[in-house]
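Q: show me how the following folds:
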Amino acid sequence: MPSAPPPDWILARRRAVGDRIRELRTWRNLTQEKLADRAGMDRQAVNRIELGHQAPGLDRLIRIADALDVSLTELVRDVGSPLPPD
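A: Predicted structure coming up:
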């Protein structure tokens, strides 16, 4: 039985993380393919993460941060409120 989809506030923050990854990738003048190669992933995974269609696990976020030469903190900073709405 499939689990319920995540609430909207989680989806919004997932999209914000993807936007941040795209911002840093383009700032570094990297294509999705080059970032994927550096992070040991495939380009489709990078695309899905950037669009917010896939929730990256911690290991993938660490790989992406390393590939972008930023800290994990820098990768996910300012991506939404710290607490979900009541």
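
Q: report the helix or strand with the lowest average pLDDT across the chain.
A: helix 72-76 (a mean of 91; mean pLDDT, DSSP states H and E).

Q: mind listing residues that contact that one?
A: Applying C-beta atoms under 8 Å, 6 or more residues apart in numbering, the external contacts of helix 72-76 come out as 17, 20-21, 24, 61-62, 64-65, 68. For every residue, glycine as well, the C-beta is placed using N, CA and C.

Q: just give me the closest of those to residue 47.
A: Closest to residue 47 out of the contacts of helix 72-76 is residue 21 (10.5 Å), distances taken as C-beta to C-beta.

Q: that closest one and residue 65 touch, don't they?
A: No. Between residue 21 and residue 65 there is no contact under C-beta atoms under 8 Å: 9.1 Å.

Q: so which bits of stretch 12-27 are buried?
A: For stretch 12-27, the neighbour count (16 or more other C-beta atoms under 10 Å) marks 13-15, 17-18, 20-22, 24-25 as buried.

Q: oh, that last question was meant for stretch 57-71, not what I typed.
A: Within stretch 57-71, the residues that count as buried by 16+ other C-beta under 10 Å are 60-61, 63-65, 67-68, 70.

Q: same for the longest helix seen in the chain, what does it pack against?
A: Criterion DSSP state H: the longest helix present in the chain is helix 8-27. If contacts are counted by 3 or more C-beta pairs under 8 Å, 6 or more residues apart in numbering; DSSP states H and E, helix 8-27 sits against helix 43-51, helix 58-68, helix 72-76.
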